[in-house]
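> I would like to see how this sequence folds:
(chains A and B)
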Number of protein chains: 2
Amino acid sequence: MSRVLVIGCGGVANVAIRKCCQNSQVFQEICIASRTREKCDALKKALEGKTSAVITTEQVDADQVDQLVALIQKVKPDLVMNIALPYQDLTVMDACLECGVNYMDTANYEPEDIQEPSWRAVYEKRCKEEGFSAYFDYSWQWAYQEKFREKGLTALLGSGFDPGVTQAFCAYAQKHLFDEIETIDILDCNGGDHGYPFATNFNPEINLREVSAPGSYWENGRWVEIPAMSIKREYEFDQVGKKDMYLLHHEEIESLAKNIPGVKRIRFFMTFGQSYLTHMKCLENVGMLSTEPVEYEGRQIVPIQFLKALLPDPATLGPRTVGKTNIGCIFTGKKDGKEKTAYIYNICDHQECYREVGSQAISYTTGVPAMIGAMMLLTGKWKQPGVYTVEEFDPDPYMEALNQWGLPWVVSENPVLVE
Amino acid sequence: MSRVLVIGCGGVANVAIRKCCQNSQVFQEICIASRTREKCDALKKALEGKTSAVITTEQVDADQVDQLVALIQKVKPDLVMNIALPYQDLTVMDACLECGVNYMDTANYEPEDIQEPSWRAVYEKRCKEEGFSAYFDYSWQWAYQEKFREKGLTALLGSGFDPGVTQAFCAYAQKHLFDEIETIDILDCNGGDHGYPFATNFNPEINLREVSAPGSYWENGRWVEIPAMSIKREYEFDQVGKKDMYLLHHEEIESLAKNIPGVKRIRFFMTFGQSYLTHMKCLENVGMLSTEPVEYEGRQIVPIQFLKALLPDPATLGPRTVGKTNIGCIFTGKKDGKEKTAYIYNICDHQECYREVGSQAISYTTGVPAMIGAMMLLTGKWKQPGVYTVEEFDPDPYMEALNQWGLPWVVSENPVLVE
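Here you go, the predicted model:
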């Protein structure tokens, strides 16, 4: 008998909760809490009669540790699944420590206001010492290592697809396919088409950050930073076709560099269509992506917020998005003294996801691994006091669960390598 | 001794008035009237001491015939120079008829609200009967032919560059270079660079209309209409270089088709840079060019108006625009029984225009011919009761004045033809 408290009720949480309900042998009681309780109630209503899991709802402001503590003490969950914004990872971890409850999330912490001086100082120090200037990194959450260990609690960080499943692919390759992994290329391809000339799946501010932040990769024991979007490759993805992809910084590189012994290079590539990039550039050129308010007819208007109001509501993209995602890892290394290559990947169909859970593949590929990570902790398959990322645990039960719960993966030998 | 009343005090009117002041032997008294009298006063102040012309100012709403009549009766001009918006051509013509004064303008009438039912009906009838669907045409003003003739008054329509100078080029070619003109290609090239990724010289609504309206050309006695921007050519312009240009509808084709006997084809091309077109397309795609208000934070906001507020103020482009315009006409036909080709064009330098009159070449090339057209009427060189376009008068004094007043032209034999 296990009970979870889910913080958050957005797109990814919706998928995770629906998958928990499908898996009610493990998830017998689910409490859904978010800032807007009505969203939780609506989901509860949609699921009633379709699951044997018992669902309750609560209201909480996840920025407030005291509210979280009171909620956890009331609900008494075996695990807190934090599927809210990454800005709230630390407050939720603090509350879990105070209440003696295990923790998990899907994306690592980043401060909400990167211009806030105390955070800015930490960020700049980190840029200098570590050599990459991404807005997010694991140091904030790794700092909780001793606290979780002392309390005998487990915190599982980043159990989405990337981060998350990609790290399980790496642990699996390390355990079964290679004696020594030399290089890892993580390839995140979204071949979906929503039929609009331009729309975004989520906040355009985050999209802008993706395409305007410097990229970085790990090579020979250090970070190499490159100008934004300056390394471009074309790759022919199984069941999707040829796509342009660009080297970005991505959080899982940071933990993989520490946890895959002897790895010489790790890179992350994400596909972007030329039309998407052109729209972003033009909108940036005219000032429409600016977060600075401008005076208009006597009122302050933030251009990117006004743009958001013009663009199609991301919630309407699900039913009309067709095509597939293909996300995975290409490895090179040695096995039994011989050179070897392998590619582990998952393909996910937007329309099939939508039919199953009412969300397209972007939310699906993150929400399913959230449920699976929680299952690993609740069933005791992954249990070790401290703060860990996915590749630090035995990949076998996680990989088996991916096949079982909607994210089947394949291993391809001798794949085309990325130059 | 002559006195003119100038209606309008925008960019083109500014140039025209400054050129009138340079030519104070003809323009001895100039009354400037616009909706905002302060603009007129500021220009008067800027010109004081620099001209022997006597300048006065007035306030007028040019949409109101009675206000215009009262103003004309007060000022008693020899000519009304209408350099306001083309929406007001008919009210100004009505007032001139009532007061018995000659009239001229720089662009032909178009109704302000093309969706207004009575105008829409006229427009749709015209589309059907004439075969082109431009928002502007001469029929509205040609309908005044008899009224002006009966009163012994002259109305000169469209004395800017194009329309205007391009028609004088045609009349000159007809008079001096050809026995028979077979084809005319009007090429309007702006090689100016303001250094911004995107900015517009004038209202983005008008820019949008240019690139989204169907194109049309005259061929073998009828109009051929084509989808917007569907005929593209590259041309190497003297002193500017290679530019992409697109076939558009343009008003002077309509009168030239009637007034150049035996002409088989007339086309109009305008240059647009790929970057400009890409920005227009992306902005259109996300809804930023829409004139329909959207609800935002409880208020109605018109996207294209908000965009205008973000873009650089057109008035700031003048000082930073470098490069040249090259506008002219390529003719093919026969002279003395032989095939012949010729290209008459003017080159204008943005920075030189700015130094002379405080405006770049776009306003300059329209404002100077406005002064010259007025001079033709005031000096009696062009005088004939009725409503006329530039090519219907003797081109020689007009062409001579272009050379004298800042728009020198050249005739090139055997030019590269447009395919």
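> Tell me how far A:K19 lies from A:L407.
As defined by C-beta to C-beta, to the nearest Å, A:K19 lies at a distance of 10 Å from A:L407. C-betas here are computed from N, CA, C, even on glycine.
> what do the two both touch?
A:V368 (C-beta atoms under 8 Å, 6 or more residues apart in numbering or on different chains).
> Show the contacting residues for the closest residue to chain B within the stretch 101-250 of chain A.
Per C-beta to the nearest C-beta, A:P197 is where the stretch 101-250 of chain A lies closest to chain B, at 3.7 Å. Listed by C-beta under 8 Å, 6+ apart, the contact partners of A:P197 are A:S275, A:H279, B:C282, B:N285, B:V286.
> show me what contacts the third one?
Applying C-beta under 8 Å, 6+ apart, one finds that B:C282 lies in contact with A:P197, A:F198, A:T278, A:H279, A:C282, A:L283.
> Now do the helix or strand that contains it against helix A:274-285, angle only.
Using DSSP states H and E, B:C282 sits within helix B:274-285. On the basis of axes from the mean of the first three to the mean of the last three C-alpha atoms, to 10 degrees, helix B:274-285 is oriented at 90 degrees to helix A:274-285.
> now helix B:274-285: mean pLDDT?
Helix B:274-285 carries an average pLDDT of 92.
> re earlier: farthest-separated two in the contacts of A:P197?
With C-beta to C-beta as the measure, no two of these lie farther apart than A:S275 and B:V286, at 12.0 Å.
> Mind checking which of those two has more residues around it?
Set A:S275 next to B:V286 and count neighbours by other C-beta atoms under 10 Å in any protein chain shown: B:V286 wins out with 22 against 13.
> tell me the contacts of the more buried one?
With contact set as C-beta under 8 Å, 6+ apart, B:V286 has these partners: A:P197, A:F198, A:H279, A:L283, A:M288, A:L307, A:L310, A:L311.
> now, the most widely separated pair of the residues you listed?
Pairwise distances across the contacts of B:V286 (C-beta to C-beta) peak at 14.7 Å, for the pair A:P197 and A:M288.
> so how far is A:P261 from A:D179?
11 Å.
> Also A:F136?
Distance from A:F136 to A:P261, by C-beta to C-beta: 24 Å.
> before we move on, what about A:V69?
For A:V69, the distance to A:P261 (C-beta to C-beta) stands at 39 Å.
> A:F169 now?
Using C-beta to C-beta, one obtains 17 Å as the distance from A:F169 to A:P261.
> who's more crowded, those two?
Set A:F169 next to A:P261 and count neighbours by other C-beta under 10 Å: A:F169 wins out with 32 against 8.
> quick one: that one and A:G328 touch, right?
Yes - the pair A:F169 and A:G328 qualifies as a contact (C-beta atoms under 8 Å) at a distance of 6.4 Å.
> Run through the helices of the stretch 51-200 of chain A in chain order.
Assigned by DSSP state H, counting those that start in this stretch, the stretch 51-200 of chain A shows helices spanning A:65-75, A:89-99, A:117-130, A:139-142, A:145-150, A:165-172.
> Direction-wise, compare the second one with helix A:65-75 and give the angle.
Meaning helix A:89-99. Relative orientation of helix A:89-99 versus helix A:65-75 (the same axes, to 10 degrees): 50 degrees.
> buried stuff in helix A:89-99?
Buried residues in helix A:89-99, counted by 16 or more other C-beta atoms under 10 Å in any protein chain shown: A:D89, A:L90, A:T91, A:V92, A:M93, A:D94, A:A95, A:C96, A:L97, A:C99.
> residues making contact with stretch A:57-66?
Outside stretch A:57-66, the residues touching it (C-beta under 8 Å, 6+ apart) are A:7-8, A:31-37, A:40-41, A:44, A:67-68, A:71, A:74-75, A:82, A:84-85, A:87-88, A:91-92, A:94-95, A:98.
> ok, of the residues you listed, which come out buried?
The neighbour-count test (16+ other C-beta under 10 Å) marks A:7-8, A:31-35, A:37, A:40, A:44, A:67-68, A:71, A:75, A:82, A:84-85, A:88, A:91-92, A:94-95 as buried among those.
> The residue lying closest to A:M229 once chain neighbours are set aside: neighbour count?
Closest residue to A:M229 apart from its sequence neighbours, by C-beta to C-beta, 6 or more residues apart in numbering or on different chains: A:Y246 at 5.0 Å. For A:Y246, the tally of surrounding residues (other C-beta under 10 Å) stands at 19.
> try A:W119
A:W119: 16 neighbours (other C-beta under 10 Å).
> Next one, pLDDT for it please.
For A:W119, the predicted pLDDT is 77.
> nearest spatial neighbour of it, skipping sequence neighbours?
Distances taken as C-beta to C-beta, 6+ apart put A:P111 closest to A:W119, at 4.2 Å, once the chain neighbours are dropped.
> Contact partners for the one you found?
A:P111 touches A:Y87, A:W119, A:Y123, counting by C-beta under 8 Å, 6+ apart.
> Can you tell me how far the first one is from A:G158?
In this structure, A:Y87 and A:G158 are 15 Å apart, going by C-beta to C-beta.
> ok, now the last one?
To A:G158, A:Y123 is 19 Å away according to C-beta to C-beta.
> re earlier: hey, what's in contact with both of A:S275 and B:V286?
Contact criterion C-beta under 8 Å, 6+ apart; residues shared by A:S275 and B:V286: A:P197, A:F198.
> Run through who's touching the helix or strand of chain A with the lowest mean pLDDT.
Least confident helix or strand, chain A: helix A:204-212 with a mean of 76, by mean pLDDT, DSSP states H and E. Contacts of helix A:204-212 with the rest of the structure, by C-beta under 8 Å, 6+ apart, involve A:135, A:200, A:228-229, A:246, A:248, A:270, A:272, A:277, A:280, A:284, A:289, A:291, A:304, A:307-308, A:311.
> quick one: contacts of whichever helix or strand comes after that helix?
Scanning forward in sequence from helix A:204-212 by DSSP H and E, the next helix or strand is strand A:215-219. Contact with strand A:215-219 is made by A:131-134, A:223-231, A:246-249, A:253, A:256-257, A:263-268, as judged by C-beta under 8 Å, 6+ apart.
> Residues of the stretch 201-350 of chain A that sit close to chain B?
A:278-279, A:282-283, A:285-288, A:294-297, A:299, A:301, A:303, A:306-307, A:309-311 (C-beta under 8 Å from any C-beta of the partner chain).
> what's the closest non-adjacent residue to A:C127?
A:S133 (4.4 Å).
> ok, now which ones touch that neighbour?
Applying C-beta under 8 Å, 6+ apart to A:S133 gives the contacts A:Y123, A:C127, A:A213, A:P214, A:S216, A:E225.
> let's go with 10 Å and repeat that
A:Y123, A:E124, A:R126, A:C127, A:A213, A:P214, A:S216, A:W223, A:E225, A:H249 (C-beta atoms under 10 Å, 6 or more residues apart in numbering or on different chains).
> again, but for A:F269
Neighbour list for A:F269: A:185-189, A:215, A:217, A:231-233, A:235, A:243-248, A:250, A:330, A:418 [criterion: C-beta under 10 Å, 6+ apart].
> Name the helix or strand for it, please.
Element membership for A:F269 (DSSP H and E) is strand A:265-271.
> where do the strands sit along the stretch 301-419 of chain A?
Taking DSSP state E, counting those that start in this stretch to define them, one finds strands in the stretch 301-419 of chain A at A:324-335, A:338-349, A:386-389, A:409-413.
> what comes up buried for the last one?
Residues of strand A:409-413 classed as buried under the neighbour-count rule (16+ other C-beta under 10 Å) are A:W409, A:V411.
> What of the first one?
For strand A:324-335, a neighbour-count test (16+ other C-beta under 10 Å) marks A:K324, A:T325, A:N326, A:I327, A:G328, A:C329, A:I330, A:F331, A:T332, A:G333 as buried.
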